[in-house]
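Visitor: Below is the sequence, then the predicted model.
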Amino acid sequence: MFNPDSSKVIFISHSSVDKAIIREWIVDMLSNSHRIFWDIMLLAGQSLKLQLQEAIQKSDIVIFVMSPESLASEWCIWEIQEACRQNKPIIPIKLRRSTPPKWLENLHFIDFSAGRTPEGIVKLSTAIFNAKPLLDPIDPAEIIWEPKGLPTNASDGEAYPNHQHVDMYRANVQSAVSPKAVQPALNEEQSRLSVEAQRLYELAGEEYDAGRYEQAISYLDQALNNNPRFALAYNRRGACYYALNKVQKAKTDYETALSIEPDLARALHNMGLVAEQLGNLESAIQWYTKAIQSNEKPYAASALYCRGRLAFNNNRMEDAISDLQQSIKLSPDFSPAHYLLSQAFYYGRDNMKLAIEEADRAVRLLPNNYEYLHWLAGLLYDDGQYYRSIEVANQAINVDSRAPFPHFVLANALYKMGHYNRAKSEVLFAMSFLETDVDRATYQMLLGQIEEKLGHNFDALTAYKKAVQLDPTNTKAQNLLRQLRDQM
């Protein structure tokens, strides 16, 4: 829902090719006054679309940074389509000269193609302050592209150094150690590579790390011209293509790398990711298994995690638990594996003790991750550990004050401890951020219970009635309403 306050939550849809300049020209300028979603930290075991949908849903405004690369990015187009579905205000910024598609032609663009001028800054600030949903909304049906790769604003590891998604495809795969610590050892074949090919390969790695994938591809093309048998260069170029959502080209390069070095663990691993992205889950499992059998520690650990994630998503909880535990053995500091293992213990074995232990480990490894914190707060509440639940819920609120779930956990814990006025304040605050009637009904029901404890029976009656109206299937609210009516 659009927030009329001067401070906004802003989602920036952009191509990762433009990441450095967007950070300098837009993010650094806006982050002092607004909260920015621009480098989404994708969560292990979760749908990429759902996470982006949630980020857009939480945003007041969507900024679309238009460049030839973003217009060619199916994920960027999908993000704008989703913003239109949710009727979000859209502010287009033209970063470089490009021709917008027909469905964007009627929108006024803020022109940054000549640089970040004072006039452009004023226009952007004014547009943010006055932003409203489009009077003539774009029909999402006009936007027919669907994403085929990972979103270009998925975190590359800078903000979330242990998260293996886009960065998984680099030569220096991130795992239990520092991202810069896992460097490919040169085997005998690689040692015979020309100095120039190796230099170009390393330059491409720097460009990849900076999100400049097209430039990285250019360097790798030159490296492969010098040495057509350079398997690692094919693998790295595949990573670049994947980051640009060119999945089939990535697949071709990974296959070429494996035709040269059939046991190249990183390429085996990456073939699993490609197969998974293309919907070939059985094939993905087979590739991950081959990577695991390679016994190259970082790739085996990552492949175990990926295979465990697939098992979790298919409700094969014991298989998921086995793979995740083995992954953690090889890579103890990989926080998403602990987080997903916590969920597997909770949903698969109903083992609250182990679920809390693994969630605790994930939070210790990444203490400012909202998803980890709100998951742990909920577990602690369900386990009756109300004091700790309040503590962790407050940590989650410090990370994202607008997210309603930690406020709900906090309100429930305060209610259980008899702090009714504080519980009421938390519920009322959280209600302003709810998006669905089912959620609103749940919060209204809790509000009714709190009002009863405060002796405000008529207010409780009103809250229960609202809960039933919002969600007629909420039998608990119906029973509470009936019981209160009988008492009155």
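Guide: In hand now; what should we look at? Keep in mind that this is a model prediction, so the values were computed, not measured.
Visitor: can you tell me the helix or strand for A114?
Guide: Under DSSP states H and E, no helix or strand contains A114.
Visitor: Next up, the contacts around it.
Guide: Not one residue lies near A114 by CB atoms under 8 Å, 6 or more residues apart in numbering. Where C-beta positions appear, they are placed from N, C-alpha and C, glycine not excepted.
Visitor: Return the backbone torsion pair for it.
Guide: phi -100, psi 10 (degrees, to the nearest 10).
Visitor: from here on, count from 278
Guide: Let's use 278 as the start, then, which means that last one is A391.
Visitor: can you pull the pLDDT of it?
Guide: Per-residue confidence at A391 stands at 70 (pLDDT).
Visitor: Could you check how far it is from V342?
Guide: 15 Å (CB to CB, to the nearest Å).
Visitor: Could I get the full set of strands for the stretch 328-477 of the chain?
Guide: 338-343, 367-371, 387-388 (DSSP state E, counting those that start in this stretch).
Visitor: hey, least reliable of the ones you listed by pLDDT?
Guide: Among the strands of the stretch 328-477 of the chain, strand 387-388 scores lowest, with a mean of 84.
Visitor: picking up where we left off before, which one of the strands of the stretch 328-477 of the chain lies nearest to I313?
Guide: strand 338-343 (9.1 Å; CB to CB).
Visitor: Neighbouring strands - and their directions - for the closest one?
Guide: Sheet pairing for strand 338-343, assigned by DSSP bridges, gives strand 286-290 (parallel), strand 367-371 (parallel).
Visitor: so which of those strands is the most packed in?
Guide: Comparing those by mean neighbour count (mean count of other CB atoms under 10 Å), strand 286-290 ranks first with a mean of 24.
Visitor: contact partners of that strand?
Guide: Counting by CB under 8 Å, 6+ apart, 280, 299, 303-304, 307, 311-315, 332-333, 335-342, 347, 353, 356-357, 360, 365, 405, 430, 679 sit against strand 286-290.
Visitor: Would you mind giving me the ChimeraX syntax to select the buried ones in those?
Guide: Here is the ChimeraX command that selects the buried residues among the contacts of strand 286-290 (16 or more other CB atoms under 10 Å):
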select :280,299,303,304,307,311,312,313,314,315,332,333,335,336,337,338,339,340,341,342,347,353,356,357,360,365,405,430
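Visitor: so E573 touches D540, yeah?
Guide: No - the criterion here is CB atoms under 8 Å, and E573 misses it with D540 at 9.0 Å.
Visitor: Between the two, which has more neighbouring residues?
Guide: Between E573 and D540, E573 has the larger neighbour count (other CB atoms under 10 Å), namely 22 against 13.
Visitor: The more buried one - nearest residue in space that isn't next to it in sequence?
Guide: Spatially, and ignoring its direct neighbours in sequence, E573 is nearest to A542 (3.9 Å; CB to CB, 6 or more residues apart in numbering).
Visitor: now G655
Guide: Closest residue to G655 apart from its sequence neighbours, by CB to CB, 6+ apart: V686 at 5.7 Å.
Visitor: Let me know the helix or strand that that neighbour is in.
Guide: helix 681-693.
Visitor: Now do that helix: which elements does it pack against?
Guide: helix 647-659, helix 663-676, helix 697-708, helix 714-730 (3 or more CB pairs under 8 Å, 6 or more residues apart in numbering; DSSP states H and E).
Visitor: Check which element follows the longest one along the chain.
Guide: The element immediately downstream of helix 714-730 (helix or strand, assigned by DSSP H and E) is helix 734-747.
Visitor: what is the orientation angle of the next helix or strand after that following helix with helix 734-747?
Guide: Note on helix 734-747: by DSSP H and E, the next helix or strand toward the C-terminus is helix 752-764. If you take axes from the mean of the first three to the mean of the last three CA atoms, to 10 degrees, helix 752-764 sits at 150 degrees to helix 734-747.
Visitor: residues of helix 752-764 that come out buried?
Guide: Neighbour counts over helix 752-764 (16+ other CB under 10 Å) mark A754, Q755, L757, L758, L761 as buried.
Visitor: Make sure the first one is actually in contact with A737.
Guide: No - here A754 lies out of contact with A737, judged by CB under 8 Å, at a distance of 11.2 Å.
Visitor: joint contacts of the two?
Guide: With CB under 8 Å, 6+ apart, A754 and A737 have common neighbours G725.
Visitor: which stretches of this protein aren't confidently modelled?
Guide: Within the chain, the ranges that satisfy pLDDT under 70 run 278-283, 293-294, 297, 316-325, 373-376, 380, 382-383, 411-472.
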